[in-house]
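In: A predicted structure for the sequence below; I have some questions about it.
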Amino acid sequence: MKVLIALGGNAIKQANETGTAEEQFRNIRKTCKCILEIVKLGSKVVITHGNGPQAGNLLIQQEEGRTLVPPQPLEIVGAMTQGQIGYMIQQTLWNLLNNAGLKVPVIAIVTQVLVDENDPDFRDPSKPVGSFYTESEAKKLMKEKGYTIKKVKPSGERAYRRVVPSPDAIDIIEKEGIKRMVDTGVVVISSGGGGIPVVLNEKGELEGIDAVIDKDLAGEKLAEVIKADIFMSLTDVNKVKLNYGKPNEKCIDKMTLAEAEKYYQEGHFLPGSMGPKILACIRFLKFGGKKAIITSPDKAIKSLEGKDGTTIYPK
Ligand code: ADP
Ligand code: MG
């Protein structure tokens, strides 16, 4: 059994935390204990993860330190957080596997994900990143840096934030290497933060581009690459809901692909959060995946047994 596990923000940093190394390692250890149980089932596991809070903090460091050392662009911040989070998972999971007597290699791969320069999100960027600015700071940065900055809060002095495009994931550049590693039993960590977005230039060469890819959609491409049986998105809710946030809200235990598509079109899953997760599940099942699961890390094993979480089946 091959399982693609996409880790949400809460697997690495809780909403009320600032993001110290200790906090992140503590959260990752909890998550990795759940992943260990999946490896113990004899599954081949590939892990992907978000990087929102880490990239946000790193962007602040780029800006605050700009008088001391040159700030790095978004593509490099993406690579840096893949290394950072990859390292933390790689070490923690290796320790847990080793303690359990399992000599399984765990390897994080800096991953590039191909996007289309003509993706509509490049024309109207939607994804907020980094610091909050005042109106005058925002104007200055727009002029000097060419950033797109939007008002993201209705009031308050610091209501402005840089927004970047969030294009769809088309292909995983390192896919051949990833496939070979997974087939030989390596636990691979890949496409962190949705991967580093790259485009092919007119010379046919790869080039990084200022954008942020949704990690569930990039994770689904990764699931196709490794021909996963199961796509599993681990987040901060243990079940998906219908009529989310309304008085008639209801948990979904299981649904078919056709039902998921219908509910998706009816708008039960919010854009930017549950929406892309469900879309990733839909794409995965259409590709030929056996089942897609959305749940929280602590319910992962029970969900694989069909006793918790939300499972989506082809039929
Ligand atoms: P992650 O970091 O795991 O990707 P997100 O915040 O992007 O987390 O997505 C999970 C969130 O999606 C939940 O905390 C919840 O607020 C939101 N959400 C939106 N629609 C739904 C829904 N229909 N059912 C459950 N949660 C939903
Ligand atoms: Mg998300």
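Out: That came in fine, so what should we check first? Numbering: from 1, shown residues only. Ligands and ions are numbered 1, 2, ... in the order given.
In: whichever residue of the stretch 51-200 of the chain sits closest to ligand 1: what's it in contact with?
Out: Nearest residue of the stretch 51-200 of the chain to ligand 1 (Cβ to the nearest ligand atom) works out as residue 52 at 7.0 Å. (Each C-beta comes from the backbone N, C-alpha and C, glycine too.) With contacts defined as Cβ atoms under 8 Å, 6 or more residues apart in numbering, residue 52 is in contact with 9, 193.
In: start the count at 59 instead of 1 going forward.
Out: Noted, 59 is the first residue going forward, which turns the last one into residue 110.
In: what's the neighbour count on the closest residue to residue 345 other than its chain neighbours?
Out: The shortest distance from residue 345 to any non-neighbouring residue, by Cβ to Cβ, 6 or more residues apart in numbering, is to residue 282 (5.2 Å). Applying other Cβ atoms under 10 Å, we find 18 residues neighbouring residue 282.
In: confirm that residue 282 sits in a helix.
Out: Yes. Membership of residue 282 in a helix is supported by DSSP: H, G, I helix; E, B strand; the rest coil.
In: wait, doesn't residue 283 sit right on residue 230?
Out: Yes. Here residue 283 reaches residue 230: they are 5.3 Å apart, a contact under Cβ atoms under 8 Å.
In: what do the two both touch?
Out: Joint contacts of residue 283 and residue 230 (Cβ under 8 Å, 6+ apart) are residue 236.
In: hang on, residue 171 in a strand?
Out: Yes. Assessed by three-state DSSP, residue 171 belongs to a strand.
In: and whichever residue of the chain sits closest to ligand 1, what is it in contact with?
Out: In the chain, the residue that lies nearest ligand 1 is residue 66 (1.8 Å; Cβ to the nearest ligand atom). Counting by Cβ under 8 Å, 6+ apart, residue 66 touches 108, 291, 292, 293, 294.
In: can you rerun that using 6 Å?
Out: 108, 293 (Cβ atoms under 6 Å, 6 or more residues apart in numbering).
In: same question for the one 4 residues further on.
Out: Contacts were defined as Cβ under 6 Å, 6+ apart; by that measure residue 70 touches 82, 85, 86.
In: at 10 Å what do you get?
Out: 77, 81-83, 85-86, 89, 107-112, 142-143, 146-147 (Cβ atoms under 10 Å, 6 or more residues apart in numbering).
In: near ligand 1, which residues of this structure are found?
Out: Proximity of the chain to ligand 1, by Cβ under 6 Å from any ligand atom, involves residues 66-67, 108, 293-295, 298-299, 302, 326-328, 331-332.
In: neighbour-wise, which of the residues you listed leads?
Out: Most crowded among the residues of the chain next to ligand 1, counting by other Cβ under 10 Å, is residue 298 at 27 neighbours.
In: just to revisit the earlier point, helices - which of the residues of the chain next to ligand 1 land there?
Out: Counting by DSSP state H, these place residue 332 in helices.
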